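**Q** could you look at this predicted model? Sequence included:
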Amino acid sequence: MPRIVESTTLAHIKDLARTSNRLVYGMQSCWWKVGSPLYTHHIGSLPCGPRGEMLLETDNPMGFITAAENSVDYYGKHGLKAFVAAYHGNLLDDNGSPTSFKTWQEYNDLIDKQLAEPLGDDLKREIARKIYVPIYNNPALLKHQSGLTKLTREIADRIVAVIEGRRCVWTYDRVKGYWSTECGWGFPYVYEFDFAERQFCPHCGRRIEVKNAA
Ligand SMILES: [Zn+2]
């Protein structure tokens, strides 16, 4: 099952596009890339997309991106998020190789699926386990109001502990000027990220733990 990793953000793609005069995009897929395709994939002497799709190209990468930004509805429910997910290397197959989908609907469906993950089954199971234990060990608590209050507080503490225990480590590469996150996301250091204001990773929803402060 392919996975969207969004390793290249729109801001980063635009940085590339400003200094490039070539952008290639799939004829039979949504895949696209600034610059030349780096693939060993070829049909005859023609380079092609990650699944062997034929490519078209433009000499105006910024024009291509601006056109997309002006017609976000075209990309479906998630708009530009789907457009960026189709960028080279932002959709990986099980082996970690770049791949592509044929339709925007497939990108939107996968975005929906991944958005549901941060508080998905995994976390629910973990919380349920932590709640189940104190109830199972202390059935007598349920018989009295004070016991119930105590149990409710204990459950709340345990839920907070589970959420707090899940961190996303952010590492800053000073040389590249690039942030990468434990959950497989990254972006260039193009703006000041306010860690006091935004304590949770916008990609995975876990609390941010900064490794190398910029
Ligand atoms: Zn994260």
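**A** Now that the structure is in, tell me what you want to look at.
**Q** excluding its backbone neighbours, what's nearest Pro47?
**A** Nearest non-adjacent residue to Pro47, counting by Cβ to Cβ, 6 or more residues apart in numbering: Pro37, 4.4 Å away. In short, each C-beta sits where N, CA and C put it, glycine included.
**Q** list the buried ones in the helix ranked longest in the chain?
**A** The longest helix of the chain (DSSP state H) is helix 145-164. Within helix 145-164, the residues that qualify as buried are 151, 154-155, 158, 162-163, counting by 16 or more other Cβ atoms under 10 Å.
**Q** cool, stretch 71-82 as well?
**A** 75-76, 78-79, 81-82.
**Q** and the next helix or strand past the lowest-mean-pLDDT helix or strand in the chain?
**A** Counting by mean pLDDT, DSSP states H and E, the chain has its least confident helix or strand at strand 42-43, which shows a mean of 60. As assigned by DSSP states H and E, the chain's next helix or strand after strand 42-43 is strand 46-47.
**Q** could I get the helix or strand following that next one in PDB with only the CA atoms?
**A** As assigned by DSSP H and E, the chain's next helix or strand after strand 46-47 is strand 55-58. Included here for strand 55-58 are C-alpha records, laid out as PDB according to Å, rounded to 0.1, in the frame of the first residue of the first chain:
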ATOM      1  CA  LEU A  55       5.700  12.400 -19.700                       C
ATOM      2  CA  LEU A  56       4.800  15.900 -20.900                       C
ATOM      3  CA  GLU A  57       6.900  18.900 -20.100                       C
ATOM      4  CA  THR A  58       6.800  22.700 -19.700                       C
END
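**Q** coming back round to it: what packs against the longest helix of the chain?
**A** helix 121-137 (3 or more Cβ pairs under 8 Å, 6 or more residues apart in numbering; DSSP states H and E).
**Q** by contact count, what packs against the helix it packs on?
**A** helix 145-164.
**Q** run the angle between the helix it packs on and helix 121-137 for me.
**A** 150 degrees (axes from the mean of the first three to the mean of the last three Cα atoms, to 10 degrees).
**Q** what comes up buried for the helix or strand following helix 145-164?
**A** Toward the C-terminus, helix 145-164 is succeeded by strand 167-173 as the next helix or strand (DSSP H and E). Burial within strand 167-173, assessed by neighbour count using 16+ other Cβ under 10 Å, is assigned to 168, 170, 172.
**Q** give the contact list for Gly186.
**A** 7-9, 178-180 (Cβ atoms under 8 Å, 6 or more residues apart in numbering).
**Q** closest to Ser20 out of the residues you listed?
**A** Thr8 (13.4 Å; Cβ to Cβ).
**Q** quick one: secondary structure of the closest one?
**A** coil (DSSP: H, G, I helix; E, B strand; the rest coil).
**Q** enumerate the residues of the chain near the ion.
**A** Proximity of the chain to the ion (Cβ under 5 Å from the ion) is limited to residues 168, 181, 183, 201, 203-204.
**Q** swap the cut-off to 6 Å and go again
**A** 168, 181-183, 185, 201, 203-204, 206 (Cβ under 6 Å from the ion).
**Q** reformat those residues as JSON lines; add secondary structure.
**A** Converted to JSON lines, these look like this (three-state DSSP):
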{"residue": "Cys168", "secondary structure": "strand"}
{"residue": "Thr181", "secondary structure": "strand"}
{"residue": "Glu182", "secondary structure": "coil"}
{"residue": "Cys183", "secondary structure": "coil"}
{"residue": "Trp185", "secondary structure": "coil"}
{"residue": "Cys201", "secondary structure": "coil"}
{"residue": "His203", "secondary structure": "coil"}
{"residue": "Cys204", "secondary structure": "coil"}
{"residue": "Arg206", "secondary structure": "coil"}
